[in-house]
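Colleague: this one's structure only:
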Ligand code: AMP
């Protein structure tokens, strides 16, 4: 199977002068030849600092051409990159770093405060390489800066290789993020299928919207490099501005847009897309959560020249495992869009108590095939719980999703069996949020539930808590305390302070009752 860094090298040999990466502001660009040389130099810098095949390299940096180069440079050093959300609080990032044990952390100026925070968390033996000017810090070792990297030989160092390409940490229900191991083979199998299915070609202008710690971004990067296309990195700040996002698609003349559905919902609700807008756009893809059918219909009516595809899949079976090309504007907007049929080499199984569910029967969705991860980083117990043996003795991943297969073999997503939710595309275990709330001093009891309030972001995170006797814990203090423990997107949006949490007959917190408490009361006339 192809190694991911070789996808770049092959395109650089074919068309060295073509543009590969364009930064968020449109000024910083790298051609294929420049990207090839830069990644070789970064690999050399890492090898010179003692990074060996299989070692981890943490990446705490904004999404820029040089950051992407550092990911591929890491692969060329035979090592494994770990992109970390630099907007997360230091406590959470420190947990990830302790688990991944990177030999080097690559950081940029956006991560300076975070790196200081990591040192304050007790990570005093960090070796930090800078992708810009040297980072100044007295308490960590400065490995190298961009200028030093730029002075190195532009040829690839000869090193061994590791099957792993990167670790992606996702929310963990017990409060500890889980590191999903992603191999070169998993990604390249999907890229192979996607290039054939979508017909990606040299010169295509492809969006790079998701953050680098999301597995969706690996599709953008490696499919672009394999095709010899251009990757246009979307500024993180655009996420909240529908008109600027639409202008970005228009001005960059993108041929492919790929994002989580909430972005498409924003643009539709703010009516930011005109009739026959984006004349260069050929395809629009989404993945990660349900795209409401009325929003899809809105887009399809506005852009009749575009192909629309729903991609489905968890990080554990990178990048997507199934697809559904929407054949026409949905006639009935109350019917959800199917998640479709397996991509090449993948299989979807709907099982009811371990046996295949009959056609139309609801069951739990399992995935098998070429996209499957070897498991969770250094966590055999969680790996064994999630990666199990299927009816034919094959290895399969238990998604926690409910599904049914229709008469045509098309799979339909029906929700979750557990308390994992999606909010603005982020995968969140409510247990992780609950663990954080419970650690705030003064909390007697708490419950975190997801409620669909019909907003833009998908499920809204809601928290009810009671306060220990003698303690005072107003919502504002609570929000601040939780914000120091989990990323902003995990901080509950709605709060209720109760004397006592509602209990069911078994004495457990009654979550369905709580969910109702968060729903707005119906209007008088209803
Ligand atoms: P992640 O690992 O962040 O990709 O999250 C995986 C989970 O997101 C899946 O198990 C589903 O619950 C949900 N998901 C992913 N893609 C879709 C989709 N196209 N439609 C509905 N839910 C999806």
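Modeller: That came through fine. It should be emphasised that the depicted structure is a prediction, and the values quoted were computed from it without experimental measurement.
Colleague: tell me how many other residues surround residue 313.
Modeller: 26 (other CB atoms under 10 Å). Every C-beta, even on glycine, is put in place using the N, C-alpha and C of the backbone.
Colleague: in contact with it, which residues?
Modeller: If you count contacts by CB atoms under 8 Å, 6 or more residues apart in numbering, residue 313 has them with 287, 319, 320, 321, 322, 367, 371.
Colleague: could you restrict the residues you listed to the ones contacting the ligand?
Modeller: residue 287 (CB under 6 Å from any ligand atom).
Colleague: adding neighbour count, distance to residue 146 and secondary structure, write the contacts of residue 313 out as a markdown table.
Modeller: Putting the contacts of residue 313 into a markdown table (neighbours: other CB atoms under 10 Å; distance: CB to CB, whole Å; DSSP: H, G, I helix; E, B strand; the rest coil) gives the following:
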| residue | neighbour count | distance to residue 146 | secondary structure |
| --- | --- | --- | --- |
| 287 | 24 | 33 | strand |
| 319 | 29 | 30 | coil |
| 320 | 27 | 34 | coil |
| 321 | 30 | 38 | coil |
| 322 | 24 | 41 | strand |
| 367 | 26 | 40 | strand |
| 371 | 28 | 35 | coil |
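Colleague: of the contacts of residue 313, closest to the ligand?
Modeller: residue 287 (5.0 Å; CB to the nearest ligand atom).
Colleague: mind checking the longest helix of the protein?
Modeller: Across the chain, the helix with the greatest residue count (assigned by DSSP state H) is helix 32-48.
Colleague: what is that helix packed up against?
Modeller: helix 4-14, strand 19-22, helix 65-76, strand 141-144, helix 146-150 (3 or more CB pairs under 8 Å, 6 or more residues apart in numbering; DSSP states H and E).
Colleague: that one vs helix 65-76, what angle?
Modeller: 60 degrees (axes from the mean of the first three to the mean of the last three CA atoms, to 10 degrees).
Colleague: please enumerate residues in contact with the very next helix or strand once past helix 32-48?
Modeller: Counting by DSSP states H and E, the next helix or strand C-terminal to helix 32-48 is strand 56-60. Contacts with strand 56-60, where a contact means CB under 8 Å, 6+ apart, come from 46, 51, 67, 70-71, 74, 77, 79-84, 86, 93, 97, 100-108, 111, 114-115, 167, 212.
Colleague: and strand 56-60, which strands flank it?
Modeller: According to DSSP bridges, strand 56-60 has the following sheet partners: strand 80-83 (parallel), strand 104-107 (parallel).
Colleague: re earlier: orientation of the longest helix of the chain relative to helix 4-14 in degrees?
Modeller: Going by the same axes, to 10 degrees, helix 32-48 makes 140 degrees with helix 4-14.
Colleague: so the residue of the stretch 351-500 of the chain at minimum distance from the ligand, which state does it fall into?
Modeller: Nearest to the ligand, among the residues of the stretch 351-500 of the chain, is residue 427, at 3.5 Å (CB to the nearest ligand atom). Under the three-state scheme (DSSP: H, G, I helix; E, B strand; the rest coil), residue 427 adopts strand.
Colleague: do residue 327 as well
Modeller: Residue 327 ends up coil, using three-state DSSP.
Colleague: what does the model give it for pLDDT?
Modeller: At residue 327, the predicted lDDT confidence score is 98.
Colleague: quick one on the thing from earlier: give me the number of residues near the residue of the stretch 351-500 of the chain closest to the ligand?
Modeller: Counted with other CB under 10 Å, residue 427 comes out at 16.
Colleague: all further residue positions should be reported with the first residue as 24.
Modeller: Right, with 24 as the first residue, what we last looked at is residue 450.
Colleague: against residue 337, how distant is it?
Modeller: From residue 450 across to residue 337, the span is 8 Å (CB to CB, to the nearest Å).
Colleague: now residue 412
Modeller: Taking CB to CB, one finds residue 412 at 18 Å from residue 337.
Colleague: of the two, which one has the most company?
Modeller: Neighbours per residue, other CB under 10 Å: of residue 412 and residue 337, the larger number sits with residue 337, 25 against 10.
Colleague: need the contact list for the more buried one.
Modeller: 344, 390, 420, 422.
Colleague: distance check, it against residue 54.
Modeller: Relative to residue 54, residue 337 is positioned 35 Å away (CB to CB).
Colleague: likewise for residue 91?
Modeller: From residue 91 to residue 54 the distance is 13 Å (CB to CB).
Colleague: higher neighbour count, these two?
Modeller: Counted by other CB under 10 Å, residue 91 and residue 54 do not tie: residue 91 has more neighbours, with 29 against 16.
Colleague: for this protein, what lies in contact range of the ligand?
Modeller: Contact residues, the chain versus the ligand (CB under 6 Å from any ligand atom): 193, 310-313, 333-338, 362, 422, 424, 436, 439, 445, 450.
Colleague: let's see the PyMOL selection covering just the buried ones among those.
Modeller: Buried residues among those (16 or more other CB atoms under 10 Å), as a PyMOL selection:
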select buried, resi 193+310+311+312+313+333+334+335+336+337+338+362+422+424+436+445+450
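Colleague: ok, back up a step: so which of the strands paired with strand 79-83 is the most packed in?
Modeller: The highest mean neighbour count among the strands paired with strand 79-83, using mean count of other CB atoms under 10 Å, belongs to strand 127-130: a mean of 28.
Colleague: can you list contacts of it?
Modeller: So strand 127-130 is contacted by 69, 72, 74, 80-84, 90, 93, 97, 109, 120, 137-138, 149-154, 158, 166 (CB under 8 Å, 6+ apart).
Colleague: that one: how far from the chain's middle?
Modeller: Here strand 127-130 shows a centroid-to-chain-centroid distance of 20 Å under the convention CA atoms, centre = their mean, to the nearest Å.
Colleague: pLDDT (mean, whole number) over it?
Modeller: So the average pLDDT for strand 127-130 ends up being 93.
Colleague: which residue sits closest to residue 319 in space, ignoring its chain neighbours?
Modeller: residue 360 (6.0 Å; CB to CB, 6 or more residues apart in numbering).
Colleague: what pLDDT does the residue nearest to residue 92 when sequence neighbours are not counted get?
Modeller: Nearest residue to residue 92 in three dimensions, chain neighbours excluded: residue 61, at 4.5 Å (CB to CB, 6+ apart). Note on residue 61: pLDDT of 96.
Colleague: ok, residue 61 to residue 167 distance?
Modeller: 13 Å.
Colleague: now residue 38
Modeller: 30 Å.
Colleague: neighbour count: those two, which is higher?
Modeller: Taking other CB under 10 Å, residue 38 and residue 167 do not tie; residue 167 has more neighbours (23 against 15).
Colleague: okay, and the beta partners of the more buried one?
Modeller: Beta-bridge partners, per DSSP bridges, of residue 167: residue 152.
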